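In: Pasting the sequence and the predicted model now:
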Amino acid sequence: MPSIFSRIVSGELPAYKVAEDEHHLAFLDITPLVEGHTLVIPKREIDYIFDMPPQELAELNLFAQRVAQGVRAAVPCKRIGVAVIGLEVPHAHIHLIPMNHVSDMNFANPKIKVPEDRMRELAAAIMDKVPKSEPRGAAADPALATKNEETKAVREKAATTGPGESTGGQLSQLVAGLYFVSESDAPLSPVSYDAPSGEITAEAVLKVLGQPADTKVETQELTYFLRNHTADQGVLNDVDLANRFKALQMYMKQELEDTTVYRLGTGPQIQVYALGKTADGKLSGFKTVLTET
């Protein structure tokens, strides 16, 4: 289920927006500590801010820097305090809080109620003061520009399915060239089946896959199954590959319902299917082979 912030990004829920670009959004907190308390988020939903790829995290902070300049210009204060809590909403976000005293940053303080008219006034004032371009020097670094292009490619792989593009086509793109590394390497291959009617149980999945009913089945959560491949450096010490696995994981958790990993058999080679239900009644995902001796 999309987070509250993702629903704001999609336009499903309203917000007092103060800044936006292709990949980020900033809006006023509706339960603020002080007037002008602003939230800065990546549009791509990711739960824990420090699970973000390094370049995306850097870009989020550059965007937050611009927003903080706008908040400080519009709201009288000595400094803009910065906080990352990460427990309230499962979508990475940064708090920007106008502060005149250290106590202004105390999240144990009672939240204040700001009238709607004042919230609109604050949002407009901050939006007017946010610089329209990146801080000086950020875009002048050729290495950063090159990395931005690489990051854009990863984002495009993680994006939701576009008009006319099937889930299967998106999965094919996401898994292309990826290998699951255990005691041997096995490619990830996209798969899609007609989903069984009713509850998707292990028995129902075996039937869909054409496997004997007595086949041993173990289930795992996708994040756990891919944990070694989505670590910061990945199992092969390759950041780009780790980011691709993260993009695949995020897509499957956001776009497929009840995504589950099914391990079939007893080894040494175990058939693995990571499957979730699509909006059009398919059971889609990828398959691979896990070697355990």
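Out: Okay, I see it. What you are looking at is a predicted structure, and each value in this text was computed from that prediction instead of being measured.

In: CA only for contacts and neighbour counts going forward, please
Out: Noted.

In: got the domain boundaries for the protein?
Out: Listed domain ranges for the chain are 4-145, 162-291 (source: automatic domain parsing).

In: Might one say that residue 285 is in contact with residue 253?
Out: No. With contact defined as C-alpha atoms under 8 Å, residue 285 does not count as touching residue 253 (10.5 Å).

In: Redo the domains of the chain as a markdown table? Include mean pLDDT and mean neighbour count.
Out: Below are the domains of the chain laid out as a markdown table (pLDDT from 0 to 100; neighbours: other C-alpha atoms under 10 Å):
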| stretch | mean pLDDT | mean neighbour count |
| --- | --- | --- |
| domain 4-145 | 89 | 17 |
| domain 162-291 | 86 | 17 |
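
In: Tell me the strands beside the helix or strand residue 97 falls within, with direction?
Out: In this structure, residue 97 sits in strand 94-99 according to DSSP states H and E. The strands beside strand 94-99 in its sheet (DSSP bridges) come out as strand 38-42 (antiparallel), strand 79-83 (antiparallel).

In: Any chance of CSV for those, columns distance to residue 242?
Out: CSV is the format used below for the strands paired with strand 94-99 (distance: least, C-alpha to C-alpha, whole Å):
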stretch, distance to residue 242
strand 38-42, 19
strand 79-83, 27
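
In: Which of those strands sits closest to residue 122?
Out: Among the strands paired with strand 94-99, the nearest to residue 122 by C-alpha to C-alpha is strand 38-42 (10.3 Å).

In: Ramachandran angles for residue 62?
Out: phi -60, psi -40 (degrees, to the nearest 10).

In: before we move on, what about the one 10 residues further on?
Out: When read as degrees, to the nearest 10, the backbone of residue 72 gives phi -70, psi -30.

In: these two touch, right, it and residue 80?
Out: Yes. Judged on C-alpha under 8 Å, residue 72 makes contact with residue 80 at a distance of 6.5 Å.

In: which residues do those two both contact?
Out: Shared contacts of residue 72 and residue 80 (C-alpha atoms under 8 Å, 6 or more residues apart in numbering): residue 98.

In: Helices of the stretch 151-293 of the chain, start to end?
Out: 167-175, 202-209, 222-225, 239-255 (DSSP state H, counting those that start in this stretch).

In: Would you quantify the distance from the residue nearest to residue 41 when sequence neighbours are not counted to residue 4?
Out: Once flanking residues are discounted, residue 41 sits nearest to residue 93: 4.6 Å by C-alpha to C-alpha, 6 or more residues apart in numbering. Distance of residue 93 to residue 4, given as C-alpha to C-alpha, to the nearest Å: 12 Å.

In: picking that back up, check whether the residue nearest to residue 41 really touches residue 38, as I assumed.
Out: No. Using C-alpha under 8 Å, residue 93 is not in contact with residue 38, being 9.9 Å away.

In: returning to what we had before: of the helices of the stretch 151-293 of the chain, which is nearest residue 274?
Out: Per C-alpha to C-alpha, nearest to residue 274 of the helices of the stretch 151-293 of the chain: helix 222-225, 7.2 Å.

In: Could you pull up phi and psi at residue 104?
Out: phi -60, psi -20.

In: that older thread, for the residue nearest to residue 41, list the residues it contacts.
Out: 39, 40, 41, 42, 49, 84, 86.

In: 10 Å instead?
Out: Residue 93 sits next to 5, 25-26, 38-42, 45-49, 60, 64, 83-86 when contact means C-alpha atoms under 10 Å, 6 or more residues apart in numbering.

In: who's in contact with the closest residue to residue 281 other than its chain neighbours?
Out: The shortest distance from residue 281 to any non-neighbouring residue, by C-alpha to C-alpha, 6+ apart, is to residue 195 (5.7 Å). For residue 195, the contacting residues are 204, 205, 208, 276, 277, 278, 280, 281, 282, 283, 284, by C-alpha under 10 Å, 6+ apart.
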